[in-house]
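# what follows is a predicted protein model with its sequence.
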Amino acid sequence: MSEQSTRERWYHRFVTAGPQAESDFGGTDRVSRGGLRLIGANALQSIGDQVVNAKTVLPWLLTLVGAPAALVGLLVPVREAGSMLPQAALTPWVVAHPRRTRVWMLGAAGQAGATAAMAAAALALDGWVAGAAVLAALAVFALARCLCSMAAKDVQGRTVPKGQRGQVTGAATMVSGAAALVIGVALQLLGPGLDAPALAAFLLGAALMWALAVLVYAGIPEEPREPEEERQHWWTDTVGLLRDDAGFRRFVLARGLLLVSALAPPFLVTLAVDAGRSGGQGEVAALLGGLGSFVIAQGVASVVGGRVFGSLADRSSRLVMVLGALVASLVVLLAVAAVLALPQRPGALLAVLVTAYLVLSLVHVGVRVARKTYVVDLAEGDRRTRYVAVSNTAMGVILLVTGAVSAALATLGAVAALVFLALLGLVGAAVSWRLPEVSRG
């Protein structure tokens, strides 16, 4: 069998064939070549993400090197907001590049270098100096990721037709999830032997993933395109886009209200650990509290959800967002009900909370795949770049505000924060329902 037909066969194992749509993008051979490289590069990046994780691995690392708790608390804001807030300001620079693959490759190389710097800090430093060095490297990492986020949607929109984009994203998620299972099991097996040098080795492995991703991405067949029109100042453009484009503004609002699946899991973990300490099943509690267990949970969610939600998002990314918000909110409210109803049965409560955590991880995969597919399908050309950049910058602000409110409510207890997030999710489902349909169907 020829190389061309072999490539097409592999691509269509992940993605449903669409000969007519593929002909509009240069033919099946061209689409399959670009699609497979997108799957491979995004999977490599996602594998690295499982290690450079501001919610699990990096807090564990800072604890091992003796960094103060205040620095640990800065990890998630630096990682998330740092990769979103600069995007609108960087839009003119990105749009000026006819080949967006090169922008993505620059971002991936930056993530590789920043991750290697974190590993070096873990090996050579300790205390607050080590913590500050890891945070500085994470800030560089976030800025580099910002470039990848902006360029990736354009590259996918230029090389993969509608009806296949969600499946490409889902396939990459599924492959990275399988790798996450291996990483999680390795971390869990290390147990007490999981020290700073061991985590540094994992970080160096993650840096290698991004280096390989650069090589894979270089072969994507992207046709260079000159900027479509002159852009005004990025701030004026951002305000004008949010003010004048009602459909896009509603998408940004809906996306901001879908944070329940992203922000609720840490509160569930806190409640589950408390339940285990208060007399639950000790072995289960110990397993939940291990670093590897969190990575394994994310891996299971990615493997199961990547393929399923990718296909569903190509049919209707809008409905996947609606259902994701509804399910996440209901799961959180059921977990809250269990906390209130089972205070004297910690074993049963622990089982409910662990199950809720796994379901939320799965739902979050669906929400992420759906919103990425929606914004790629929503527009074409440089307008898509503007949509991605402005929505991510707005999300950086919304994330900081929502995180601050939920953190403040958490001073009253995790239950209060969870109820707040669940209510946001229900409103988000209603707003998402009113979004226009943009998928192929």
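That came through fine.

# how much space separates the closest residue in space to residue 164 that isn't next to it in sequence from residue 34?
Computed as Cβ to Cβ, 6 or more residues apart in numbering, the closest residue to residue 164 that is not its neighbour in sequence is residue 15, at 4.9 Å. Backbone N, C-alpha and C define where each C-beta goes, glycine included. Computed as Cβ to Cβ, to the nearest Å, the residue 15 to residue 34 distance reads 11 Å.

# now do the contacts for the closest residue to residue 171 other than its chain neighbours.
Computed as Cβ to Cβ, 6+ apart, the closest residue to residue 171 that is not its neighbour in sequence is residue 14, at 3.9 Å. Contact analysis of residue 14 by Cβ atoms under 8 Å, 6 or more residues apart in numbering lists 35, 39, 167, 168, 171, 307.

# between the residues you listed, which has the most around it?
The residue in the contacts of residue 14 with the most neighbours, by other Cβ atoms under 10 Å, is residue 35 (30 neighbours).

# what number of residues lie near residue 405?
14.

# typed the wrong thing, it's residue 340
Neighbours of residue 340 under the rule other Cβ under 10 Å: 10.

# tell me the contacts of it?
Residues in contact with residue 340 (Cβ under 8 Å, 6+ apart) are residue 415.

# roughly how far out does whichever strand or helix holds it sit from the chain middle?
Using DSSP states H and E, residue 340 sits in helix 291-341. Here helix 291-341 shows a centroid-to-chain-centroid distance of 13 Å under the convention Cα atoms, centre = their mean, to the nearest Å.

# likewise stretch 364-380?
12 Å.

# thinking again about what came up before, so what's the residue nearest to residue 164 scoring on pLDDT?
Here, the pLDDT recorded for residue 15 equals 77.

# list the contacts of it.
By Cβ under 8 Å, 6+ apart, the neighbours of residue 15 are 35, 164, 167, 168, 171.

# adding distance to residue 79, write those residues out as JSON lines.
Listed next are the contacts of residue 15 as JSON lines, based on distance: Cβ to Cβ, whole Å:
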{"residue": "35", "distance to residue 79": "29"}
{"residue": "164", "distance to residue 79": "30"}
{"residue": "167", "distance to residue 79": "28"}
{"residue": "168", "distance to residue 79": "25"}
{"residue": "171", "distance to residue 79": "25"}
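
# farthest pair in the residues you listed?
Of all pairs drawn from the contacts of residue 15, the greatest distance, 9.9 Å, lies between 164 and 171 (Cβ to Cβ).

# which of the contacts of residue 14 lies closest to residue 140?
Nearest to residue 140 out of those is residue 39 (Cβ to Cβ; 26.8 Å).

# and what about that closest one, helix, strand or coil?
helix (DSSP: H, G, I helix; E, B strand; the rest coil).

# would you confirm that it contacts residue 168?
Yes: under the criterion of Cβ atoms under 8 Å, residue 39 makes contact with residue 168 at 5.8 Å.

# the bottom helix or strand of the chain by mean pLDDT?
Lowest by mean pLDDT, DSSP states H and E among the helices and strands of the chain is helix 282-289, with a mean of 47.

# nearest residue to the middle of this protein?
Note on the chain: the residue nearest the mean C-alpha position is residue 368, at 6.5 Å, using Cα atoms, centre = their mean.

# element containing it, please.
In this assignment (DSSP H and E), residue 368 forms part of helix 346-378.

# now that helix, how far from the chain's geometric center?
12 Å.

# list the contacts of stretch 163-170.
Stretch 163-170 has contacts (Cβ under 8 Å, 6+ apart) with 14-16, 18, 21, 31, 35, 38-39, 42, 156-157, 160, 305-314, 317, 369-370, 372-373, 376-377, 439-440.

# just the C-alpha atoms of that stretch, please, in CSV.
This file holds the C-alpha atoms of stretch 163-170, laid out as CSV (Å, rounded to 0.1, in the frame of the first residue of the first chain):
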residue,chain,number,x,y,z
GLY,A,163,-16.9,18.7,10.5
GLN,A,164,-13.4,17.3,11.3
ARG,A,165,-11.9,19.9,13.6
GLY,A,166,-13.5,18.7,16.8
GLN,A,167,-12.4,15.1,16.0
VAL,A,168,-8.8,16.3,15.4
THR,A,169,-8.8,18.0,18.8
GLY,A,170,-10.5,15.0,20.4
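
# pLDDT of that stretch, averaged?
Here the average pLDDT along stretch 163-170 is 80.

# gap between that stretch and the chain center?
On Cα atoms, centre = their mean, the centre of stretch 163-170 falls 15 Å from that of its chain.
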